[in-house]
Structure formats: structure tokens, C-alpha cells
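1. quick one: sequence and predicted model below, then my questions.
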Amino acid sequence: MFVNGGVSLAFTVGRQRHPDEVSGTVSGTINSVGYFGAAVVPAVMGMVLDVFWTGKIVDGTPVYSFTGYRVAFGIATVAGFAALACALWIHQTRRPR
């Protein structure tokens, strides 16, 4: 939940850095990127889990290794920190007009 704060920061920075006339476009772009990430990151996590599949199935559910889960959730953590870093970088490098 810590890196989820990057979403609020991205909306705030986007709105402050662009004129009010395009605030809807800015918000829509940020929202679209968020939905894209929400679609892609779990798919990548699933592919990683498939690589670490133990070959066992319990009650119809594949069993994955502990390492697989660590790698998969590490991807989500890295993605969250990357988003937060991008928002902070934009805030530091762009100055309002």
C-alpha cells in the first residue's frame, strides 16, 4: 500500500504541471496508464508463477514454489516503486509555466 501513494502523486503533479484546459486529458492519460498496468502486471506475474510451477496439482489447483511467489510479488513491488519514482522525477524536473 505504500507505493499506491504514487497514484495520488501522479494525479496531483499532472494537474499542477498542465493548464486547466487540458486537465481532463491529463487525468484520463494517468488513469489509462494505471489500468494498463493493472492488466499487464498480473499477467506477467502469472507467467512468472508458471515458470516456477512444481508440477503438482492439489484439488485442481497448480502448486507453485515459494521462490515463484517471491519473484512474482517482487515484480509488482518494483512496478510500484518505478511508478512512484517517475512521479517524483517529473515533479523535480518540470517547472510550472
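-> Cool, got the structure.
2. and the longest strand for this protein?
-> When the chain is scanned for its longest strand (criterion: DSSP state E), the result is strand 53-58.
3. what residue ranges in the protein score low on pLDDT?
-> Within the chain, the ranges that satisfy pLDDT under 70 run 1-6, 91, 93-97.
4. hmm, what's the outermost residue in it?
-> Within the chain, D59 marks the point farthest from the mean C-alpha position, 31.7 Å out by C-alpha atoms, centre = their mean.
5. which of the residues in the host helix or strand of I30 are buried?
-> Using DSSP states H and E, I30 sits in helix 23-51. Neighbour-count burial for helix 23-51, with 16 or more other C-beta atoms under 10 Å as criterion, is recorded at 26, 30, 37, 41, 45, 48-49. From N, CA and C alone the C-beta is placed, and that goes for glycine too.
6. how much space between V13 and V78?
-> Distance from V13 to V78, counting by C-beta to C-beta, to the nearest Å: 21 Å.
7. of the two, who's got more company?
-> Of the pair V13 and V78, V13 is the one with more neighbours under other C-beta atoms under 10 Å, namely 20 against 12.
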